[in-house]
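# here is a sequence together with a model predicted from it:
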Amino acid sequence: LFYVAMQVQSREYMLENFLIISGLLLLLGLSLYFLADRTRSISETMEQKQIIEQLLSMQDVYYKELESQQKEIRSISHDMKSHLRYLNTILAQGQTERAQEYVKTIYQDVESAHSVVHCGNSVIDAILSNKLQGAEDFGIRLEFDLIIPPQLSVRDIDILILLGNLLDNAMEACKRLEIEDGEKFIYVNARVQKGFLCIQVNNSYNGLLNLVENSYATVKTEKHFCGIGLSNIKRIVNKYHGKLNITHTETVFSVLALLALDE
């Protein structure tokens, strides 16, 4: 249109075509803006859907494991009279070593029941029970100190993102530990205190840190996923007007997240 207008050499014709071109560019810009906004909205919706599905899957596995554990406990409890009667008989006969071996067998049966976490909050129970199995597979000692009410004003999906990423980061750090670096452990402390949900995760690590402008950056080799976990943690903390405190020693890495709860 510009070329044709120049050939005609008509100022009115040129002005008309300039207005047409400007209008088309404006419409194109607006279309691209709304398309990008719509694409971002769809992407966020899909991400939330995946997280909700993950949480539902965790809860389903948790309740199945809980049911299985309760069946095993009921079975052991049902047989306890027989166990005690047998132990009483062999002890009366002076067979102390045999009684000790029998007690070890009973203890092993109790220990073999798959552990599940019970703090009263079904979402946190499901997440921690799921991570507990993963930690056991890699020889990581995972311990909890939990005082959490059944209901929280924090959305379930946000708890999953926050606690899930904290534990995933801690497990990644433990996996990088060599035998000579010491024990692999993760300690989770969670409680409601002074109007805040306080979640602290301490874990062992190999002492290697990546500090960029006084901020912690990932030391993962998969650069495509660098910083995603920590950025998600910060996003949830900011959403609930909380605070994030990260500290470390030469052997222990600690993250404390505070989320403000509704009155």
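Good, I have the coordinates. Residues are numbered from 1 along each chain as shown.
# got any ranges where the protein has weak pLDDT?
For the chain, the stretches flagged by pLDDT under 70 are 1-15, 43-44, 47-48, 51-52, 54-56, 58-78, 109-116, 210-228, 263.
# what about the residue nearest the centre of it, distance to residue 200?
The centre of the chain sits closest to residue 164, judged by CA atoms, centre = their mean, with a distance of 0.1 Å. Distance from residue 164 to residue 200, counting by CB to CB, to the nearest Å: 15 Å. From N, CA and C alone the C-beta is placed, and that goes for glycine too.
# which of the three states applies to the residue nearest to the centre of the chain?
helix (DSSP: H, G, I helix; E, B strand; the rest coil).
# surely it touches residue 124?
No. Contact criterion CB atoms under 8 Å: residue 164 and residue 124 do not qualify, at 10.7 Å.
# that older thread, residues touching the residue nearest to the centre of the chain, list them.
Residues in contact with residue 164 (CB atoms under 8 Å, 6 or more residues apart in numbering) are 127, 131.
# ditto for residue 254
Neighbours of residue 254 in contact, by CB under 8 Å, 6+ apart: 200, 201, 202, 203, 246, 247, 248.
# elements contacting the helix or strand residue 134 falls within?
Per DSSP states H and E: residue 134 is located in helix 122-137. Other helices and strands packing on helix 122-137, by 3 or more CB pairs under 8 Å, 6 or more residues apart in numbering; DSSP states H and E, are helix 11-92, strand 141-147, helix 156-175, strand 185-193.
# buried ones in it?
By 16 or more other CB atoms under 10 Å, the buried positions in helix 122-137 come out as 122, 123, 124, 125, 126, 127, 128, 129, 130, 131, 132, 135.
# distance-wise, check residue 244 relative to residue 119.
Residue 244 is 22 Å from residue 119, by CB to CB.
# before we move on, back to that, for residue 259, find the nearest of the helices and strands packed on helix 122-137.
helix 156-175 (7.6 Å; CB to CB).
# dump that closest one to PDB, restricted to CA.
Output of helix 156-175 as PDB, limited to C-alpha atoms (Å, rounded to 0.1, in the frame of the first residue of the first chain):
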ATOM      1  CA  ASP A 156      -3.800 -27.900  49.100                       C
ATOM      2  CA  ILE A 157      -2.200 -27.300  45.800                       C
ATOM      3  CA  ASP A 158       0.100 -24.600  47.300                       C
ATOM      4  CA  ILE A 159       1.100 -26.900  50.200                       C
ATOM      5  CA  LEU A 160       2.100 -29.600  47.600                       C
ATOM      6  CA  ILE A 161       4.200 -27.100  45.600                       C
ATOM      7  CA  LEU A 162       5.900 -25.700  48.600                       C
ATOM      8  CA  LEU A 163       6.600 -28.900  50.600                       C
ATOM      9  CA  GLY A 164       7.100 -31.000  47.500                       C
ATOM     10  CA  ASN A 165       9.800 -28.700  46.200                       C
ATOM     11  CA  LEU A 166      11.500 -28.400  49.600                       C
ATOM     12  CA  LEU A 167      11.700 -32.200  49.900                       C
ATOM     13  CA  ASP A 168      12.700 -32.700  46.300                       C
ATOM     14  CA  ASN A 169      15.600 -30.200  46.700                       C
ATOM     15  CA  ALA A 170      16.700 -31.800  50.000                       C
ATOM     16  CA  MET A 171      16.600 -35.300  48.400                       C
ATOM     17  CA  GLU A 172      18.700 -34.100  45.400                       C
ATOM     18  CA  ALA A 173      21.300 -32.700  47.900                       C
ATOM     19  CA  CYS A 174      21.400 -36.000  49.800                       C
ATOM     20  CA  LYS A 175      21.700 -38.100  46.600                       C
END
